[in-house]
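Visitor: no sequence for this one, just the structure:
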């Protein structure tokens, strides 16, 4: 694995990890009143498209980041619909 791949994995881990506190807070408080359904829906669609792109170019950082981020965003969307 070359240095640029490692850089990509670190960037992917950091940007993906940034969603964890929001998911945890939303799950713990069972409140989504300050969460935009439109923003999270558009972001989820974008992440799915990035995942498809990453699979096509076989880029581990892109695949990793967008798979995990997609799961976190999907959880947020489910909670938004459940706890509105």
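Guide: Received the coordinates, thanks. The structure displayed is predicted, hence computed values, not measured ones. Residues are numbered from 1 along each chain as shown.
Visitor: Neighbours of residue 70, how many?
Guide: 19 (other CB atoms under 10 Å). The C-beta positions use only the backbone N, C-alpha and C, and glycine is treated the same way.
Visitor: Same question for the one 10 residues further on.
Guide: Number of residues near residue 80 (other CB under 10 Å) recorded here: 17.
Visitor: mind checking how far residue 78 is from residue 5?
Guide: 33 Å (CB to CB, to the nearest Å).
Visitor: Equivalent analysis for residue 43, please.
Guide: Distance from residue 43 to residue 5, by CB to CB: 25 Å.
Visitor: For those two, indicate the residue with more neighbours.
Guide: More crowded of residue 43 and residue 5, by other CB under 10 Å: residue 43, with 17 against 12.
Visitor: Setting the sequence-adjacent residues aside, check what's closest to the more buried one.
Guide: In this structure, residue 43 finds its nearest non-sequential neighbour in residue 73, 6.0 Å apart by CB to CB, 6 or more residues apart in numbering.
Visitor: all helices of this structure, in order?
Guide: Remark: helices assigned in the chain by DSSP state H are 3-17, 20-29, 37-57, 60-82.
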